[in-house]
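S.K.: here is my input; please provide its structure:
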Amino acid sequence: MEAFTHAVEEGTEMLEMDCHLTQDGHVVVSHDENLLRQTGRDVTISSLNLEDLPLYEETLEVTFYAGHYSTGTDRKIALLEDVFRKFPQIPISIEIKENNRQLMQEVSDMVRRYNREAITVWASVDSTILTKCRSINSAMPYSFSMQRGLLLLLLFYTGLLPFVPLGESLLQFYLPRIINRTYIPKENILKKRLVVSLIDMITMRRSLFKHLAARGIQVHLFVCNREEDIQAAFELGATGVMTDYPALLSNYMRAYRRQD
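M.R.: Numbering: from 1, shown residues only. Predicted coordinates for the structure are as follows:
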């Protein structure tokens, strides 16, 4: 909550988070389901009640900025409901990583309870999970899954994209230039320079992003933790960038506006 509060105070216009379900049915905000990396305890969120969740480590390496670390006084794992209460007007993208219908239902019920259907986005790389999320709450906007993203590229390169309806409201994708520089992936194939260069060449197409923006689809590139990456994302036509350093982004935006 300390990090979210700081981000909003810096002018952040959207929050992005992953959610999981505790054993006693509470929706909590955490990137990982297994808490070893974040807390030092090799336990899963789903195996613990809310009151038994461990605290975050005092110092954590920033996932998308290797060799850099974050600290904070607030080490509690946040409840999604507390985020909704504190930031009622801030759009939020919620990534669902597990095929857990109870989790999806709890998130949907909470979104309805707080009247947030227009500003809360379903997100998942897994098309099966995203389809199930949409079946539970079709009023919420949703992002592209990995499968749909690949279809999007196919339609773009075959010239068919302008003629195909798209239901998604948001495309979230890596800025490839950060891979192996500030973000070290686990997958060996992504550690090959040629592969990353190919991904960059295929996906980072300004004409594609311009087309999506014209259709009202947001394009967010992540995770931009250096000013030059923020600049590169906007030059490519991204409508927004995701960062672990909201002050860096807000300072960039203020400087950019002054130049305009």
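S.K.: just the CA atoms of stretch 188-197, as PDB, please.
M.R.: Output in PDB follows, covering the C-alpha atoms of stretch 188-197 (Å, rounded to 0.1, in the frame of the first residue of the first chain):
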ATOM      1  CA  ASN A 188      17.100 -19.600 -21.800                       C
ATOM      2  CA  ILE A 189      15.700 -18.800 -25.200                       C
ATOM      3  CA  LEU A 190      15.100 -15.200 -24.200                       C
ATOM      4  CA  LYS A 191      18.700 -14.800 -23.200                       C
ATOM      5  CA  LYS A 192      19.800 -15.100 -26.800                       C
ATOM      6  CA  ARG A 193      20.400 -11.700 -28.400                       C
ATOM      7  CA  LEU A 194      19.100 -12.800 -31.800                       C
ATOM      8  CA  VAL A 195      15.800 -14.000 -30.300                       C
ATOM      9  CA  VAL A 196      15.300 -10.700 -28.500                       C
ATOM     10  CA  SER A 197      16.200  -8.700 -31.600                       C
END
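S.K.: give me the buried positions along it.
M.R.: Buried residues in stretch 188-197, counting neighbours by 16 or more other CB atoms under 10 Å, are found at 190, 195, 196. In short, each C-beta sits where N, CA and C put it, glycine included.
S.K.: among the residues you listed, pick out the one closest to residue 116, please.
M.R.: Nearest to residue 116 among the buried residues of stretch 188-197 is residue 190, at 34.4 Å by CB to CB.
S.K.: which parts of the stretch 51-200 of the chain are helices?
M.R.: 80-86, 101-113, 127-136, 146-158, 193-203 (DSSP state H, counting those that start in this stretch).
S.K.: quick one, which of these is nearest to residue 46?
M.R.: For residue 46, the closest of those is helix 101-113, at 9.0 Å, according to CB to CB.
S.K.: quick one: low-confidence ranges for the protein?
M.R.: Along the chain, the parts satisfying pLDDT under 70 run over 257-260.
S.K.: show me which strand runs longest in it.
M.R.: Secondary structure assigned by DSSP state E gives strand 15-21 as the longest strand of the chain.
S.K.: relative orientation of that strand and helix 101-113 in degrees?
M.R.: Angle, strand 15-21 to helix 101-113, by axes from the mean of the first three to the mean of the last three CA atoms, to 10 degrees: 130 degrees.
S.K.: what packs against strand 15-21?
M.R.: Secondary-structure packing of strand 15-21 (3 or more CB pairs under 8 Å, 6 or more residues apart in numbering; DSSP states H and E): helix 2-9, strand 27-29, helix 80-86, strand 92-95, helix 101-113.
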